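Q: Give me a model of this one.
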Amino acid sequence: MSLTRQDVDKIAHLARLQITDAEMPVYVNSLSSIVDFVAELARADTADVPPMAHPLVGQVQRLRPDEITETDRHETY
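A: This next block holds a predicted model:
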């Protein structure tokens, strides 16, 4: 999918970026390449791939306890 200059203008507006006319062709080509790559990844057959929580076999993510560690200072700020 090739993005147009108008598409990149809309993206830049949403991202609060100022892109000059000289930079625009570079952004159009770069973002089009990224969108094409994501579309290519979406076509990959992952039906037989089991979900995993960690990329290394037998490993798990160490998660910290979900505890409040700071006091509410809303009124102070």
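
Q: how far away is Leu41 from Pro51?
A: Applying C-beta to C-beta, to the nearest Å, one obtains 16 Å for the distance of Leu41 from Pro51. Placement of C-beta: from N, CA and C, glycine included.

Q: And the two? Which one has more around it.
A: Relative neighbour count places Leu41 above the other of Leu41 and Pro51, with 9 against 5, counting by other C-beta atoms under 10 Å.

Q: Just say helix, strand or coil for that one.
A: The three-state label given to Leu41 by DSSP: H, G, I helix; E, B strand; the rest coil is helix.

Q: repeat for Tyr27
A: Tyr27 carries the three-state label helix when classified by three-state DSSP.

Q: Then Leu17?
A: What three-state DSSP gives for Leu17 is coil.

Q: Next, the contact list for it, please.
A: Leu17 makes contact with Ile11 under the criterion C-beta atoms under 8 Å, 6 or more residues apart in numbering.
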